[in-house]
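K.L.:
Sequence first, predicted model second:
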Amino acid sequence: MAKAMWNGAVVAESDATVIVEGNHYFPPEAVNHDLLTETDSTSVCFWKGTANYFSVAVDGEVAKDAAWIYRDASERAKNIQGYYAFWGGVKVEA
């Protein structure tokens with residue numbers, strides 16, 4: 001079971017993550033969306049596509065752009081389309 005934690009709260013938890021390049025991608029139903037706020041940040045991966053970012057906030061502590069998804073992943077990354085991954089202080093344990 002993989003778990004993403006920020007400031008003592010579980011942001012995501014699932015036994016159905018997909019690991020890509022060392023990151024656990026969590027299915028959308030495994031994520032506590034109440035803790036996420038979408039930002040204007042994006043990045044482009046040459047083989048996955050464009051990522052959209054979210055800040056994670058718990059008890060007034062914010063991890064800016066600490067979650068991302070590929071809403072329209074390339075054909076090679078369709079298995080993670082719509083799945084969430086974390087960094088920027090959000091601790092992922094498996």
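P.N.:
Thanks, I have it.

K.L.:
Surely Ala63 touches Val56?
P.N.:
Yes. Counting by C-beta atoms under 8 Å, Ala63 does reach Val56; the two are 4.5 Å apart. Bear in mind the C-beta positions are built from the backbone N, C-alpha and C, glycine included.

K.L.:
The two - which one has more neighbours?
P.N.:
Of the pair Ala63 and Val56, Val56 is the one with more neighbours under other C-beta atoms under 10 Å, namely 26 against 20.

K.L.:
so after the helix or strand that one falls within, what's the next helix or strand?
P.N.:
Under the criterion DSSP states H and E, the helix or strand holding Val56 is strand 49-58. Remark: after strand 49-58, the chain's next helix or strand is strand 61-69, criterion DSSP H and E.

K.L.:
so how far is that next one from its chain's centroid?
P.N.:
Strand 61-69 sits 8 Å away from the centroid of its parent chain (C-alpha atoms, centre = their mean, to the nearest Å).

K.L.:
who touches the residue lying closest to Glu13 once chain neighbours are set aside in this structure?
P.N.:
Excluding the flanking residues, the one nearest Glu13 by C-beta to C-beta, 6 or more residues apart in numbering is Lys3, at 4.7 Å. By C-beta atoms under 8 Å, 6 or more residues apart in numbering, the contact set of Lys3 is Val10, Ala12, Glu13, Val92, Glu93, Ala94.
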